[in-house]
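K.L.:
Just a sequence and a predicted model for now, questions to come.
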Protein chains: 2
Amino acid sequence: MKNSVGREIPEYLEGYGQVKPFEGAFANYGDRCKTTVKLRSKKPGESKLVDTIDEVLDKVGIRDGMTVSFHHHLRNGDFVLNQVMAAIAKRGIKDITVAATGIFPIHEPLVALIKDGTVTGINVNYIAPGPVAKAISKGLLKNPAVLMSHGGRPRAIESGDIHIDVAFIAAPTADSYGNMNGVYGNAACGTLAYAVPDAQYADCVVAVTDNLVPYPACPIEITQDYVDYVVKVDSIGDPNGIVSGTLTVTKDPVGLRIAKLAAEVIEATDYIKDGMSFQTGAGGTSLAVAAEVRKFMKEKNVVGSFAAGGITGYMVDMLKEGLFRTLFDVQCFDFKAIASLRDNETHQWMSGSLYGNPHNRGAVVNNLDVMILGATEIDTDFNVNVVTGSDGVIIGASGGHNDTAAGSKISIVVTNLTKGRLPVVKDKVTTVTTPGETVDVLVTERGIAVNPRRTDLIEKLKETHLPVMLIEELKDLAERLTGKPEPIQVGDQVVAIVEYRDGTVIDVVRKVLD
Amino acid sequence: MKNSVGREIPEYLEGYGQVKPFEGAFANYGDRCKTTVKLRSKKPGESKLVDTIDEVLDKVGIRDGMTVSFHHHLRNGDFVLNQVMAAIAKRGIKDITVAATGIFPIHEPLVALIKDGTVTGINVNYIAPGPVAKAISKGLLKNPAVLMSHGGRPRAIESGDIHIDVAFIAAPTADSYGNMNGVYGNAACGTLAYAVPDAQYADCVVAVTDNLVPYPACPIEITQDYVDYVVKVDSIGDPNGIVSGTLTVTKDPVGLRIAKLAAEVIEATDYIKDGMSFQTGAGGTSLAVAAEVRKFMKEKNVVGSFAAGGITGYMVDMLKEGLFRTLFDVQCFDFKAIASLRDNETHQWMSGSLYGNPHNRGAVVNNLDVMILGATEIDTDFNVNVVTGSDGVIIGASGGHNDTAAGSKISIVVTNLTKGRLPVVKDKVTTVTTPGETVDVLVTERGIAVNPRRTDLIEKLKETHLPVMLIEELKDLAERLTGKPEPIQVGDQVVAIVEYRDGTVIDVVRKVLD
């Protein structure tokens, strides 16, 4: 069947089930229901402290077919997923689904577990390019991987679409009764926000810490009433692995030109004003947009309401300068952000659900004015791909991409017109992550295209000097520079399902033929 | 049928349903299930702001038979319950159940609504002596009132035993999208902790505020993802009404003697030590125990882990002196506590469920060492009554009484041996609130009695000069002073059900005959 962005998707997929086709970004609201939660209540006097991960596995009754979950605030420095999965594998347990908020190159050991059938399912909302992404692309995983968004995952957990048997929460600080925070400890990573739905809905919740502090931990981000067991390990992670990616303003002149144009679009469309809210990614060009926006805000003496998302030191600086009253932080990208979350009351953390879940009573993305997005590809319908490279291999998942695009008043994709001799603007993206109806503006170094739905923006930009053109013109320009790329050769096997934030399927990724 | 504290209770009660008899304080643990939550998800762009309470009632579809809920952090200064109930009554709606965490004399207008059938059910975990308590005692309410504990209410909500149709949350500060805190605003009351389960489980959640601040409120205690509507009213309450009760150390020599003895019991039983945790009520004698414990802690250079419960300025002082590392606050009793919660990171709030719910994965009461309790009556089985006066009229509900008694390592009842020419120690208490198996020590001005179950404490106290005697001896002593009181004449009508924290029925209150 075809979904509403014109993608051919199966009605049923082995290892996934019935497919609900994507029907539009705002088609699926209204009455919802959060699922039941099973738990075992703790009597006074019962201890939660367990000596080893292996002993925890006994306590939780680990067995074939279970779903275990992890969060990724330690990013490429995370040791917990590997430790737990190694202990599971050692027992000969098979058919585990790993529900991870993020997967990084450090999780390469998963590849062997995929190959030997220990792991047969993965669902994930952020996946960095690397060995696990490649293994999925090659079709090694028995069931199709489910690629979600940061808001879609909490939605899936709260609705019961994902049932987590055991949540393992890497806790930079924890006490013996399960109170946790991420702001102290050797592996301090800041907020633990993505793990909150896991704590609330898993049948069994395990805090894994290398910094066991006297009761009670303080501050507490995830509270003891959600936690079954606490286990101390030697190390939950390498703090230096937390900081990954660029995280600084680009120095590339092309990136700087794009950023300047994007900020001018924001200014020209009247979004630079008191109370404005803003989110951008941690990439060099995205941060360069923040730098340009910052200039406009200072010029106009504007005080914004909040900046949101994964937080970098750059956003902390803007908070400290008084350019925003608050930060909403779902993930700390660097040490400055971690310290700020720890020390500054106006730097607030938000759970993954509060951040982006479309099916609660209103996520923070709903209050975003301006969202700066990246793209691997964008097509003439403004559909964006951040899931697959132009070779069809998986290089990411939505993260907050389609959440923020849907929620924000203006979503702006900033990207070079071409990358690595390939056009970024195409007739059809390889994989749709974010539907074009939620993408308002494309800014490239060669020109700006506005989604025809946004006649209001087109009117405003008409009065400026900005190089506005049709997206088809940008596509033609890109293709003139690079040539029209050869279509990717894919087989029948669906290796990954791209779930839109509401749980419908917006696209599938098929196995790339060598 | 008889329950395990020997109380005769009906098997079924009209307006309540099947009665689950109390079977012991620790009989009802193990596997539990949290119920589903209905909600309506909010699309980006939808507003939550509503102009009047009346308009909110339209939005939420208020109708006969619904359950509406309120929290009591504004205590005797709360205006919200009355405003909402007046608006409901004006529509001629009938058969409403009021699920309030607390009811105070200011809520007297409820009496007229009980009489005219607007309100036919009440469940409450704290009720101050006054008009509503009297009306219930007189049998005016159609259905028996359900008297709960602070931990029992979240248990009931989370399990689905109480289904809240609409939660009205008095918010000293809120933004237009429903983020709330209680630490700023004209009616700042500190934490909103008791309202957290309501926000999490009600079909519909309304923030009622008189301090609408620009988005986002900061700090946030209850987040927008739980809130459907926000309504601004002129005033949510009188801050001076928050401070009620004694709240200072008693000057009465009898109270001081009791307090000294209680502290000596704590010292002699080795609970004054590093890492100790402590909770006491806000009454004069209870605070006097804190004052005596403070002396011991200073003498021994002890640093405790936490003090918990409703927090007074006295506890804040102990925190500031370094006698405790942290406070766990479920309710601020005075302005000093409110300011401390606002300004001090080690002063942490806890939801009602985190505080005392027996059926989560471990409440804070489970970590309490020492609990100081009051009593209206205590019997020779150590059962305590804080629900009815010796005339059988309702004067309270458990509050945290039976939660903390069950959770703490040593629970000590401090009370005068006689009050108002009536004995406090009796053969049988009028109403059982807290089962004797969870009460360890009784301290009166005339002597100390230890629960025979606690042979460990008896052994330790043997070696001291403390006036330990049998509780039967204290009862005889009391009766010699006051005479044996006449039994109260009660009718058949059950006017209130006393639910133990686990949802079983520990006693019922029958209509007092004039």
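P.N.:
Cool, got the structure. Treat the numbers as computed from the prediction; the structure is a model and nothing was measured.
K.L.:
which residues touch A:G281?
P.N.:
By CB atoms under 8 Å, 6 or more residues apart in numbering or on different chains, A:G281 lies in contact with A:L287, A:G309, A:G310, A:I372, A:L373, A:G374. Heads up, the C-betas are built off the backbone N, CA and C, glycines and all.
K.L.:
Report the buried members of the residues you listed.
P.N.:
Buried members of the contacts of A:G281, counted by 16 or more other CB atoms under 10 Å in any protein chain shown: A:L287, A:G309, A:G310, A:I372, A:L373, A:G374.
K.L.:
residues touching the fifth one, list them.
P.N.:
Contacts for A:L373 were tallied using CB under 8 Å, 6+ apart; they are A:G281, A:V384, A:H401, A:T404, A:A405, A:S411, A:I412, A:V413, A:V414, A:T434, A:V439.
K.L.:
and the fifth one, that's in a helix?
P.N.:
Yes: with DSSP: H, G, I helix; E, B strand; the rest coil as the criterion, A:A405 is part of a helix.
K.L.:
if I pick it, what's in contact with it?
P.N.:
Contacts for A:A405 (CB under 8 Å, 6+ apart) come out as A:M371, A:L373, A:V384, A:S411, A:T434, A:P435, A:T438, A:V439.
K.L.:
any idea how far the residue nearest to the third one when sequence neighbours are not counted is from B:M297?
P.N.:
Spelled out, that is A:V384. Nearest non-adjacent residue to A:V384, counting by CB to CB, 6 or more residues apart in numbering or on different chains: A:T434, 4.3 Å away. Counting by CB to CB, to the nearest Å, the gap from A:T434 to B:M297 is 58 Å.
K.L.:
tally of neighbours for A:K90?
P.N.:
11 (other CB atoms under 10 Å in any protein chain shown).
K.L.:
tell me which element the closest residue to it other than its chain neighbours is part of?
P.N.:
Excluding the flanking residues, the one nearest A:K90 by CB to CB, 6+ apart is A:D54, at 7.8 Å. Secondary structure from DSSP states H and E places A:D54 in helix A:53-60.
K.L.:
could you dump that helix to PDB, C-alpha only?
P.N.:
C-alpha atoms of helix A:53-60 as PDB (Å, rounded to 0.1, in the frame of the first residue of the first chain):
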ATOM      1  CA  ILE A  53      24.800  -7.500  36.600                       C
ATOM      2  CA  ASP A  54      24.700 -11.300  36.400                       C
ATOM      3  CA  GLU A  55      22.800 -11.400  39.700                       C
ATOM      4  CA  VAL A  56      20.400  -8.800  38.400                       C
ATOM      5  CA  LEU A  57      19.600 -11.000  35.400                       C
ATOM      6  CA  ASP A  58      18.600 -13.700  37.800                       C
ATOM      7  CA  LYS A  59      16.500 -11.300  39.800                       C
ATOM      8  CA  VAL A  60      14.600 -10.000  36.800                       C
END
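K.L.:
Same question for that helix: list its buried residues.
P.N.:
By 16+ other CB under 10 Å, the buried positions in helix A:53-60 come out as A:I53, A:D54, A:V56, A:L57, A:V60.
K.L.:
Please dump those into CSV; it should also carry pLDDT for every row.
P.N.:
Below are the buried residues of helix A:53-60 laid out as CSV (pLDDT from 0 to 100):
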residue, pLDDT
A:I53, 98
A:D54, 98
A:V56, 98
A:L57, 98
A:V60, 97
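K.L.:
Of all pairs in those, which one is the farthest apart?
P.N.:
Across these, no pair lies farther apart than A:D54 and A:V60, at 11.2 Å, counting by CB to CB.
K.L.:
Outside of stretch A:374-385 itself, list whatever touches it.
P.N.:
If you take CB under 8 Å, 6+ apart as the criterion, stretch A:374-385 is touched by A:5, A:281, A:283, A:285-286, A:373, A:386-390, A:395-396, A:401, A:405, A:413-415, A:419, A:424-437, A:439-440, A:442, A:451, A:471-472, A:475.
K.L.:
Could you pick out the buried ones from those?
P.N.:
Among the contacts of stretch A:374-385, the ones that count as buried by 16+ other CB under 10 Å are A:5, A:281, A:283, A:285-286, A:373, A:386-390, A:395-396, A:401, A:405, A:413-415, A:419, A:424-426, A:428-437, A:439-440, A:442, A:451, A:471, A:475.
K.L.:
out of the residues you listed, which are inside helices?
P.N.:
A:T285, A:S286, A:H401, A:A405, A:I471, A:K475 (DSSP state H).
K.L.:
so where's the stretch 101-250 of chain A shaky on pLDDT?
P.N.:
Applying pLDDT under 70 to the stretch 101-250 of chain A flags residues A:244-246.
K.L.:
Residue of it nearest chain B, please.
P.N.:
Residue nearest to chain B within the stretch 101-250 of chain A: A:D225 (4.0 Å; CB to the nearest CB).
K.L.:
OK, contacts around the residue nearest to that residue when sequence neighbours are not counted?
P.N.:
Once flanking residues are discounted, A:D225 sits nearest to B:N360: 4.0 Å by CB to CB, 6+ apart. Residues near B:N360 by CB under 8 Å, 6+ apart: A:L39, A:S41, A:K42, A:D225, A:Y226, B:P154, B:R155, B:E158, B:S353, B:L354.
K.L.:
if we take the contacts of A:G281, which one ends up nearest to chain B?
P.N.:
Of the contacts of A:G281, the one sitting nearest to chain B (CB to the nearest CB) turns out to be A:G309, at 13.9 Å.
K.L.:
Look up which helix or strand the closest one falls in, please.
P.N.:
Using DSSP H and E, the element containing A:G309 is strand A:304-311.
K.L.:
Can you list the strands that that strand pairs with?
P.N.:
strand A:277-280 (parallel), strand A:324-332 (parallel) (DSSP bridges).
K.L.:
is it possible to export those to TSV including mean neighbour count?
P.N.:
Shown next, in TSV, are the strands paired with strand A:304-311 (neighbours: other CB atoms under 10 Å in any protein chain shown):
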stretch	mean neighbour count
strand A:277-280	28
strand A:324-332	26
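K.L.:
so which of the ones you listed comes closest to B:I164?
P.N.:
B:I164 lies closest, by CB to CB, to one member of these: strand A:324-332, at 27.8 Å.
K.L.:
from the chain's centre, how far out does the closest one sit?
P.N.:
Relative to the centre of its chain, strand A:324-332 is centred 15 Å away, using CA atoms, centre = their mean, to the nearest Å.
K.L.:
Alpha carbons only: can I get it in PDB?
P.N.:
This file holds the C-alpha atoms of strand A:324-332, laid out as PDB (Å, rounded to 0.1, in the frame of the first residue of the first chain):
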ATOM      1  CA  PHE A 324      16.700  33.200  26.700                       C
ATOM      2  CA  ARG A 325      15.000  33.000  30.100                       C
ATOM      3  CA  THR A 326      15.200  29.200  30.300                       C
ATOM      4  CA  LEU A 327      16.600  26.100  28.600                       C
ATOM      5  CA  PHE A 328      14.600  22.900  28.200                       C
ATOM      6  CA  ASP A 329      17.200  20.100  28.100                       C
ATOM      7  CA  VAL A 330      16.600  16.600  27.000                       C
ATOM      8  CA  GLN A 331      20.300  15.700  26.600                       C
ATOM      9  CA  CYS A 332      23.500  17.400  27.500                       C
END
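K.L.:
and the helix or strand that it is followed by, what other elements does it pack with?
P.N.:
Per DSSP H and E, the first helix or strand lying C-terminal to strand A:324-332 is helix A:335-343. Using 3 or more CB pairs under 8 Å, 6 or more residues apart in numbering or on different chains; DSSP states H and E, the elements in contact with helix A:335-343 are strand A:304-311, helix A:313-320, strand A:324-332, strand A:347-349.
K.L.:
contacts for the last one?
P.N.:
When you say that, I think you mean strand A:347-349. For strand A:347-349, the external contacting residues (CB under 8 Å, 6+ apart) are A:190-193, A:221, A:311, A:316, A:319, A:326-330, A:340-341, B:216, B:218-220.
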